[in-house]
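Colleague: Below: sequence and its predicted model.
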Amino acid sequence: MKKNIFYFLATILVFSLLFVGCGKQNASVKETSLKIAGSTSVFPLITEVAEEFKKENTQYNVEVQAGGSNVGIQSVLSGAVQIGMSSRDLTEDELKSGLKPTTIAYDCIVVIVNPKNKIDNLSLEQIRDIYTGKIKNWKELGGKDSKIIVVNRDEASGTREAFKKLVLGDSDFVDTAIIQPGTGQVKSFVSSNEDAIGYISFGVVDSTVKVVKVDNIEPSIENIKNGSYKITRKLYLLTKGEPEGLSKEFIDYVLSDRIQETIVKKHYIPVKYIENR
């Protein structure tokens with residue numbers, strides 16, 4: 001009888017140790033793996049930061065995927081990723097759901113045209129009229145007699161939501177616009193279509209497209225700070241609740257002075273330049 005009791009207790013002890021060991025292993029996996037998803041505007045920045053982070057912390061694995069701000073928000077809420085990327089402000093309902101946004105940079109949304117287009121300045125009202133379908137031809141703006149090809153983002157895009165809020169307000173987008181799924185696709189389409197107009201993050205502008213002034217104001221740090229360039233926004237990393245563990249370590253890394261002055265500055269405007277941190 002005593003022998004049976006001994007074997008019974010020994011069996012329980014073995015299974016308990018196995019259970020504890022598995023628990024520690026799972027905790028270790030969670031602490032060394034980080035998944036990030038969301039905004040296509042934030043994606044190039046965070047991809048570069050993640051590569052630098054992994055070089056300095058070889059024990060960590062960081063995966064970054066695009067898909068749009070809404071994808072990032074839903075992925076964090078569902079637990080599919082630990083960090084989401086968003087290029088738009090959160091709604092009240094999203095904030096109430098427990099999402100915690102951390103501002104990592106500032107950005108200008110810029111209006112772009114093909115380099116062959118002679119238009120180099122548009123008023124905010126003219127941009128609104130183009131994107132609502134009121135203005136349909138470049139000649140109405142002093143350009144050539146050609147139909148304007150309006151390029152818009154898909155509904156998962158945070159850039160689209162920010163642009164609508166800042167430019168269109170309560171008005172709706174024209175339903176004949178060409179829809180593109182990402183920032184890169186918008187830039188590529190405009191660069192290869194002389195009559196196209198689009199909007200992208202200032203951080204990804206290159207010589208293949210031309211940035212249009214808005215009310216004769218160029219996008220710049222100074223013009224964001226003084227409020228004269230109107231189409232500006234914050235860029236966020238999102239967590240469910242306050243960031244902790246590896247998520248906090250990564251976000252703190254993004255906000256560190258060295259990363260803000262090197263990688264972030266290459267793409268966007270560092271937080272401290274605007275908020276004087």
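Modeller: Cool, the structure landed. Numbering: from 1, shown residues only.
Colleague: going forward, measure contacts between C-alpha atoms and count neighbours the same way
Modeller: Fine.
Colleague: low-scoring stretches of the chain, by residue?
Modeller: In the predicted model, the chain carries pLDDT under 70 at residues 1-30, 276-277.
Colleague: domains of it?
Modeller: Here the domain parsing of the chain from automatic domain parsing is 2-106+234-275, 107-232.
Colleague: and those domains as TSV, adding mean neighbour count?
Modeller: Listed next are the domains of the chain as TSV, based on neighbours: other Cα atoms under 10 Å:
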stretch	mean neighbour count
domain 2-106+234-275	17
domain 107-232	18
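Colleague: gap between stretch 108-122 and the chain center?
Modeller: Chain-centre distance of stretch 108-122: 22 Å, with Cα atoms, centre = their mean, to the nearest Å.
Colleague: Dump it to PDB, keeping only the CA atoms.
Modeller: Output of stretch 108-122 as PDB, limited to C-alpha atoms (Å, rounded to 0.1, in the frame of the first residue of the first chain):
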ATOM      1  CA  CYS A 108       3.100  65.000 -43.700                       C
ATOM      2  CA  ILE A 109       0.700  63.500 -46.200                       C
ATOM      3  CA  VAL A 110       1.800  65.000 -49.500                       C
ATOM      4  CA  VAL A 111      -0.100  65.300 -52.700                       C
ATOM      5  CA  ILE A 112       1.900  64.000 -55.700                       C
ATOM      6  CA  VAL A 113       1.700  64.300 -59.400                       C
ATOM      7  CA  ASN A 114       3.700  63.000 -62.300                       C
ATOM      8  CA  PRO A 115       7.000  65.000 -62.800                       C
ATOM      9  CA  LYS A 116       5.800  66.000 -66.300                       C
ATOM     10  CA  ASN A 117       2.800  67.700 -64.800                       C
ATOM     11  CA  LYS A 118       3.400  71.500 -64.700                       C
ATOM     12  CA  ILE A 119       1.100  72.000 -61.700                       C
ATOM     13  CA  ASP A 120       3.200  72.600 -58.600                       C
ATOM     14  CA  ASN A 121       0.700  74.200 -56.200                       C
ATOM     15  CA  LEU A 122      -2.900  73.500 -55.200                       C
END
